[in-house]
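I would like to see how this sequence folds:
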Amino acid sequence: MAIARLTNGAVGILAAMFLYWPVPAFAADTLSGGDTAWILTSTALVLFMTLPGLALFYAGLVRASSVLSVLMHCFAICCVASVLWLAVGYSLAFSDGGGANQIVGGLSKAFLAGIGPDTLSGSIPETVFFAFQMTFAIITPALIVGAYPERVKFSTVLFFSAVWLIVVYAPVTHWVWGGGWLAEMGVMDFAGGIVVHVTAGVSALVFAKMLGGRRGFPDQVRPPHNPGMVMTGAAMLWVGWFGFNAGSALAADGNAGMAMVVTHISAAAASLSWAAVEWIKFGKPSLIGIVTGMVAGLATITPASGFVGPMGALIIGVVAGVVCQWMTTFIKQTIKIDDSLDVFAVHGVGGALGTVLVSLLATATFQGLGLAEGMTVGKQVGVQVIGIVSVAIWSAVASYVILKISGAIFGLRVADEDEIEGLDITSHGERGYDL
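The predicted structure follows:
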């Protein structure tokens, strides 16, 4: 009897331990606090790129009488893009389009339907992934602001940015990052060379062409009113870009660390090569030039930042500074398009350049992480070019149609007297400076 009681007691204890002892949920419990903290930080850094970084960078490059209009454009686009990203943008980019649809997602995640605080996207909450991607959706149409300052109607800025986000940005994001047809082909775009810079750059060129140049373009355009403001905004862009590229690893790991390193090296190298070209051509390196070179280096490393090593980053930076500097002159002086703040030359050309170069520089020869299994450099270049060309065509055609519609409804350009007086007072009733 004693033995039986002992046996029964032991069984009871073992049963209790089995029922109540905490057992790890290996399949469900995949949340990483470290990854979540890093992507939260990266989200703030990317928003910091737009507000105040990009806003100040662009505002310093225009006349003193239109500085507030540029700040207004960037801020308003941030607000419009945020609401639209919640309503439909995120769902179109990252939900399943249904069936064999690889063009655009569906509306199953509109207004974050079905997504709660415990819903995960990999090792982070999906709400955090949503917010991180939202900052990309904010800065991309904001980049286009540099194509049309000092002469565009504010109503057209709002209309174009809103429709463009839905028609251009969300589908292209789905193609590349949402499981769409370019992703299926194996396109390499770590942080937005195609998704952000090609779309914005090409659309900016179309916008500038259709809008026409500033008064006095190309020979009598006023110089930037505040190069110090430009440098301040550029410095904020440089810091924020660490969230842009290293955050795209979506984890606090070695890939994020390497992405941060190569981002910084490319920016520094491009700054120096741009300044060197200016020094040789004009006899003096300018502050505007060296900081614009930095932005070119950042844009060009963006698609490659998760795939290349320091040697590749150095090459990308040097090439970016030289090529993008040459393109700024070519666009304005040769083909006479007033892409006022060089969006296409810096972002469009830089993003495309980095997208092609990653095919070679991702190989082990240049300290890269390697190409996908079965992929050669030649095959990868082909995929990258298909991605660039298809996205460029879609961006150009869609932008043209959106601007035609906007022109018919609102008109594109302000009156001549408003442009002469400056958009700060004529469009917004305020002045940036009390002089």
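
just checking, residue 414 touches residue 425?
No. Residue 414 lies out of contact with residue 425 (Cβ atoms under 8 Å); the separation is 11.7 Å. Glycine gets a C-beta too; all of them are placed from N, C-alpha and C.

And those two? Which one has more around it.
residue 414 (20 against 16; other Cβ atoms under 10 Å).

the bottom helix or strand of this protein by mean pLDDT?
Lowest mean confidence among the helices and strands of the chain (mean pLDDT, DSSP states H and E): helix 2-20, at a mean of 40.

After that helix, which helix or strand is next?
helix 33-48 (DSSP states H and E).

chain center to that next one, what's the gap?
15 Å (Cα atoms, centre = their mean, to the nearest Å).

average model confidence for that helix?
Here helix 33-48 scores 98 as its mean pLDDT.

who does that helix touch, helix- and strand-wise?
With contacts taken as 3 or more Cβ pairs under 8 Å, 6 or more residues apart in numbering; DSSP states H and E, helix 33-48 sits against strand 124-125, helix 126-143, helix 227-246.

run the last query once more with 10 Å
Contacts defined by 3 or more Cβ pairs under 10 Å, 6 or more residues apart in numbering; DSSP states H and E place helix 33-48 against strand 124-125, helix 126-143, helix 227-246, helix 254-282.

Taking helix 227-246 as reference, get the angle to that helix.
Angle, helix 33-48 to helix 227-246, by axes from the mean of the first three to the mean of the last three Cα atoms, to 10 degrees: 150 degrees.

So for helix 33-48, what gets flagged as buried?
By 16 or more other Cβ atoms under 10 Å, the buried positions in helix 33-48 come out as 35, 36, 38, 39, 40, 42, 43, 45, 46, 47, 48.

can you pull the contacts of the second one?
Residue 36 is in contact with 120, 123, 124, 125, 128, 129, 251, 252, counting by Cβ atoms under 10 Å, 6 or more residues apart in numbering.

Residue 81 touches residue 135, doesn't it?
Yes. Residue 81 is within contact range of residue 135, at 9.2 Å (criterion: Cβ atoms under 10 Å).

residues shared between the contacts of the two?
Counting by Cβ under 10 Å, 6+ apart, the residues touching both residue 81 and residue 135 are residue 50.

For residue 124, give its distance to residue 140.
Residue 124 sits 22 Å away from residue 140, going by Cβ to Cβ, to the nearest Å.

Compare these two and say which is more crowded by neighbours.
residue 140 (27 against 23).

residue contacts, the more buried one?
Residues in contact with residue 140 (Cβ under 10 Å, 6+ apart) are 50, 77, 81, 161, 164-165, 168-169, 172-173, 192, 195-197, 199-200, 203, 347.

Kindly report the same for residue 119.
112, 125, 126, 127, 129, 130.

Among the contacts of residue 140, name the ones in strands.
Assigned to strands by DSSP state E, none of those qualify.

Of these, which belong to helices?
Among the contacts of residue 140, DSSP state H puts 77, 81, 161, 164, 172, 173, 199, 200, 203 in helices.

which of these are buried?
Buried among the ones in helices among the contacts of residue 140 (16+ other Cβ under 10 Å): 77, 81, 161, 164, 172, 173, 199, 200, 203.

Specify which member of those is nearest to residue 152.
residue 161 (11.2 Å; Cβ to Cβ).

For residue 204, see how far away residue 168 is.
Distance from residue 168 to residue 204, by Cβ to Cβ: 12 Å.

Overlap of the contact sets of these two?
What both residue 168 and residue 204 touch, as defined by Cβ under 10 Å, 6+ apart, is the set 141, 395, 399.

Quick check: of those residues, which has the highest neighbour count?
Neighbour counts for these peak at residue 141, which has 29 neighbours (criterion: other Cβ under 10 Å).
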